[in-house]
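1. my questions concern the predicted model and sequence given below.
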Amino acid sequence: MRYEKKVIARMDLCYAIGMLRGGGADSLLIGPEKSGAIKRYALDGEPMETVSEGPGGVMTIAQVPGRTDQVLATSGFFSPNHGGDEARIVCHTRAADGTWCSSLVCALPYVHRFGIVRGADARTWLIACTIKGACRDLKDDWSRPGAIYVGLIDADLASYDAAHPLKMTELACCQVQNHGFWTPEDAAFALVSTAAGVFRFTPPATPDATWEQRCLIVGATSDICAVDLDGDGVLEIVTLAPFHGDTISVWHEAAAPDIYERVWSAPQRREFLHAIWGGTLQGEPAALVGARRGARELLRLSHERGAYRLEVVDSGAGPANCMVFQHAGADVIAAANRETDEIALYAPPRA
């Protein structure tokens, strides 16, 4: 496939990427890794407004399900080395007059990824992952593992604040290099990847039940997504490994449920793999993968004529995160190209 690239804005160390759907105008949300504002852009790339002036440190942005005026974002996570002690999850809500207000949902040092999942009983949970527990004044200190926390959402997220935060309970401890996170469209579970492997966390089906925790893949894994690339009706798990690693792999469920085996790995190693997304692109199942060092490529992974294959969408840009949305009848790739400070769109050539 061919793509036309359009750089819509510059943002120092742009990192997190998300969407705000509904309300008359679907839009993109981009946040910086270091200091700076969360910005909103129309799907054609035109600037719209500032969601939050700062402080930055935005690792994840996610729309609140059922709301067209509300998003959650991490805030204050500036570095896993020494800059995440004040990290938290913040709710940003857009008022009728177009202004945005922000309120603390919970303080959670070193919170990196999070999402909202829904149990079979329709209860809604925030699941949040801390990449480590604490940090000494030492680079690459992983001696104090992170954890996974969950909180039952029983009110409007904007109603929580510093005095009355959402109660978060530790679900799983000793989560070393807890980095990857993925949820399906129905939000029935979350996949989390760590130095130990890939795990699935499913919320309780009834008020008196507990969370189900299941290990699907054993082995250090940095980032993940799930997509049915080969069209057999079963989701493959695409992994980037090890932590901030160099290997792209595809895992398929084996004969036994919840046991995955590696069916393919990219023969070429790529430095600092980081960006990942899975879904449908131009009518075909695909995954997108991005590397932040070396050739700094954005790649499309697909399954054609019985084999997995990679093609280069862009090189030299260094995406931290990416996603796909529909605009004007076409699928468009959006990427936060951290290494070049580019917010970029990639679309099929115009006829």
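-> Yep, it's here.

2. show me where the stretch 251-351 of the chain has strands.
-> 260-265, 273-281, 284-291, 298-304, 307-314, 321-327, 330-337, 342-347 (DSSP state E, counting those that start in this stretch).

3. mind checking which of those is nearest T93?
-> strand 321-327 (22.0 Å; C-beta to C-beta). The way it works is simple: take the backbone N, C-alpha and C, and place the C-beta from them, glycine included.

4. measure how the closest one sits relative to strand 298-304, angle-wise.
-> Interaxial angle of strand 321-327 relative to strand 298-304 (axes from the mean of the first three to the mean of the last three C-alpha atoms, to 10 degrees): 70 degrees.

5. mind listing what's buried along strand 321-327?
-> Residues of strand 321-327 classed as buried by neighbour count (16 or more other C-beta atoms under 10 Å): 321-325, 327.

6. farthest-apart pair in the residues you listed, please.
-> So, those by C-beta to C-beta: farthest apart are N321 and H327, at 18.4 Å.

7. average pLDDT for stretch 134-146, rounded please.
-> Stretch 134-146 shows a mean pLDDT of 91 in the predicted model.

8. correction: the previous question concerned stretch 298-309.
-> 97.

9. could you pull out the buried residues of it?
-> For stretch 298-309, by 16+ other C-beta under 10 Å, it's 298-303, 308.

10. distance to W277 added to the residues you listed, as a markdown table?
-> Shown next, in a markdown table, are the buried residues of stretch 298-309 (distance: C-beta to C-beta, whole Å):
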| residue | distance to W277 |
| --- | --- |
| L298 | 10 |
| L299 | 11 |
| R300 | 10 |
| L301 | 10 |
| S302 | 13 |
| H303 | 16 |
| Y308 | 16 |
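
11. which of these sit farthest apart?
-> L298 and H303 (18.6 Å).

12. where does pLDDT dip in the protein?
-> 351 (pLDDT under 70).

13. repeat that for 90
-> 1-2, 23-25, 82, 136-139, 255, 348-351 (pLDDT under 90).

14. list just the nearest of the buried residues of strand 321-327 to G233.
-> V324 (21.3 Å).

15. show the contacting residues for that closest one.
-> 277, 279-281, 288, 331-334 (C-beta atoms under 8 Å, 6 or more residues apart in numbering).

16. can you tell me the closest non-neighbouring residue to E342?
-> Among residues not flanking E342 along the chain, V7 sits closest, at 4.9 Å (C-beta to C-beta, 6 or more residues apart in numbering).

17. measure L43 to W100 for me?
-> Applying C-beta to C-beta, to the nearest Å, the value for L43 to W100 is 19 Å.

18. what's the answer for L216, then?
-> Taking C-beta to C-beta as the measure, L216 falls 38 Å from W100.

19. likewise for F78?
-> Between F78 and W100 the computed distance is 22 Å (C-beta to C-beta).

20. ditto for N337
-> Look at N337 and W100: by C-beta to C-beta, they are 25 Å apart.

21. looking at those two, which is more packed in?
-> N337 (27 against 18; other C-beta atoms under 10 Å).

22. mind listing the residues bridging to that one?
-> Under DSSP bridges, the beta-bridge partners of N337 are E342.

23. right, and it touches G316 too?
-> No: look at N337 against G316 with C-beta atoms under 8 Å: they stay out of range, at 9.0 Å.

24. anything in contact with each of these two?
-> With C-beta under 8 Å, 6+ apart, N337 and G316 have no common neighbours.

25. just the closest of the buried residues of stretch 298-309 to E170, please.
-> Using C-beta to C-beta, L301 is the member of the buried residues of stretch 298-309 that lies nearest E170, at 34.6 Å.

26. quick one, what contacts the closest one?
-> 229, 238, 248, 250, 286-289, 308-310.

27. ditto for G24
-> By C-beta under 8 Å, 6+ apart, no residues touch G24.

28. three-state assignment of I217?
-> Under DSSP: H, G, I helix; E, B strand; the rest coil, I217 falls in the strand class.

29. residues near it, how many?
-> Other residues lying near I217 total 22 when counted by other C-beta under 10 Å.

30. and the residue nearest to it when sequence neighbours are not counted, what element?
-> In space, and not counting its chain neighbours, I217 is closest to V198: 4.0 Å by C-beta to C-beta, 6+ apart. Element membership of V198, judged by DSSP states H and E, is strand 197-202.

31. okay, A155 and P165: tell me how far apart.
-> Remark: distance between A155 and P165 (C-beta to C-beta) = 11 Å.

32. tell me which of the two has more neighbours.
-> Higher neighbour count among A155 and P165: P165, with 17 against 9, using other C-beta under 10 Å.

33. can you pull the contacts of the residue nearest to the more buried one when sequence neighbours are not counted?
-> Spatially, and ignoring its direct neighbours in sequence, P165 is nearest to C106 (4.6 Å; C-beta to C-beta, 6+ apart). The contact partners of C106, by C-beta under 8 Å, 6+ apart, come to 88-89, 126, 128, 151, 160, 165-166, 168.
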